[in-house]
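Chemist: Below is the sequence, then the predicted model.
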Amino acid sequence: MAGIIWYPVGRDYFPRRMGYSNYPRNYIPGVLIATSVTSLGSAFGGGTFEPLNAIAFFCGSRKR
């Protein structure tokens, strides 16, 4: 699946500081909308929480 995450209050990482520090802005939840790339008709929508870059948790519903 490929999708877009939208953070309603913004989450700007430019310029990004070096290291794996945890910033308060990482705790802002987002909204995820995704669709399947390999099979038409599959979609996902729900919430997302990404406490560290590249580690994300999703919850929501899937349509087949």
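Modeler: Nice, thanks for sending it over.
Chemist: measure Leu32 to Leu40 for me?
Modeler: Distance of Leu32 to Leu40, given as C-beta to C-beta, to the nearest Å: 19 Å. For glycine as for every other residue, the C-beta is placed from the backbone atoms N, C-alpha and C.
Chemist: Equivalent analysis for Gly46, please.
Modeler: Gly46 is 20 Å from Leu40, where distance means C-beta to C-beta.
Chemist: Look at Cys59 and say how many residues are nearby.
Modeler: The local packing of Cys59 (other C-beta atoms under 10 Å) involves 10 other residues.
Chemist: just Asn53 next, same as before
Modeler: Counted with other C-beta under 10 Å, residues neighbouring Asn53 total 10.
Chemist: now do Tyr23
Modeler: Count around Tyr23 with other C-beta under 10 Å applied: 11.
Chemist: Could you tell me whether Gly45 really is in a helix?
Modeler: No: per DSSP: H, G, I helix; E, B strand; the rest coil, Gly45 lies outside any helix segment and is strand.
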